[in-house]
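Participant: Okay, sequence plus prediction incoming.
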Amino acid sequence: MTPTVSRLVSGLLIALSLAACTGQMTVDDAMVTHYIQAYKSLKTASPALAAQLTKQDATLDTAAAGLASVDAAIKSAGFASHAEFVKANAAIGLAFSQVQASAFMSDMDKLQKSGSTQVQAMLDSPVVPEATKAQVREQLAQAQATYTQGKGWADSAMGLFGQKVDAATVAVVTRHRAELQAVFSGK
């Protein structure tokens with residue numbers, strides 16, 4: 001398995017483990033909008049909260065006030081409770097991972113097909129020596145075997161994903177993919 005596919009499969013398995021703990025939750029457009037608002041608020045507030053909690057004179061009251069500010073940010077974004085936000089975070093995160101992984105797999109399929117087409121064109125060329133063609137055929141066969149094995153692992157993991165994330169949630173997260181990507185990457 002290639003390192004890239006290994007990371008993809010590992011990420012998918014981690015996400016599936018999280019899904020097993022949280023249960024299935026259907027996400028709608030309003031929830032994603034609330035989630036993005038809460039995520040931005042929490043990301044903005046987190047450095048200040050961390051600074052307060054790491055001071056030598058920090059107390060339980062400091063921690064309680066910090067948690068109250070986290071809870072207020074979550075509720076002002078439209079969530080009823082911290083627990084509801086955490087469940088939404090798991091559902092959106094899992095669906096986002098599936099959307100990203102699907103896009104990555106699609107891109108890899110296109111690259112593999114394009115590369116194979118280019119290599120085949122070289123093999124069909126009368127100007128390439130037969131000895132070179134033999135080496136290229138061997139390397140192509142190895143590359144295709146590695147790709148097929150990695151794709152098999154990734155397809156299996158994506159199949160498990162499909163059992164944990166409903167299609168409606170994936171569709172919503174796909175519509176908001178760019179916004180979520182920006183939030184997750186800090187933009």
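Facilitator: All right, it came through fine. Note that the structure is predicted; figures quoted are calculated from it, not measured.

Participant: only C-alpha atoms for contact and neighbour calcs from this point on.
Facilitator: Fine.

Participant: Dead centre of this protein: give me the residue that sits there.
Facilitator: Nearest to the mean C-alpha position of the chain, by C-alpha atoms, centre = their mean, lies residue 97 at 2.5 Å.

Participant: Where do the helices of this structure begin and end?
Facilitator: 3-22, 29-53, 60-76, 82-124, 130-164, 167-175, 177-184 (DSSP state H).

Participant: and these, which one's lowest on average pLDDT?
Facilitator: Ranked by mean pLDDT, those bottom out at helix 3-22, with a mean of 50.

Participant: for the helices of the chain, which one ends up most surrounded?
Facilitator: helix 167-175 (a mean of 18; mean count of other C-alpha atoms under 10 Å).

Participant: packing partners for that one?
Facilitator: Under the contact definition 3 or more C-alpha pairs under 8 Å, 6 or more residues apart in numbering; DSSP states H and E, helix 167-175 sits against helix 29-53, helix 82-124.

Participant: run the last query once more with 10 Å
Facilitator: Applying 3 or more C-alpha pairs under 10 Å, 6 or more residues apart in numbering; DSSP states H and E, one finds that helix 167-175 makes contact with helix 29-53, helix 82-124, helix 177-184.

Participant: export the ones you listed to CSV and tack on distance to residue 147?
Facilitator: Below are the helices and strands packed on helix 167-175 laid out as CSV (distance: least, C-alpha to C-alpha, whole Å):
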stretch, distance to residue 147
helix 29-53, 35
helix 82-124, 8
helix 177-184, 27
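
Participant: which one of those helices lies closest to residue 69?
Facilitator: Proximity to residue 69, assessed across the helices and strands packed on helix 167-175 by C-alpha to C-alpha, is greatest for helix 29-53 (8.3 Å).
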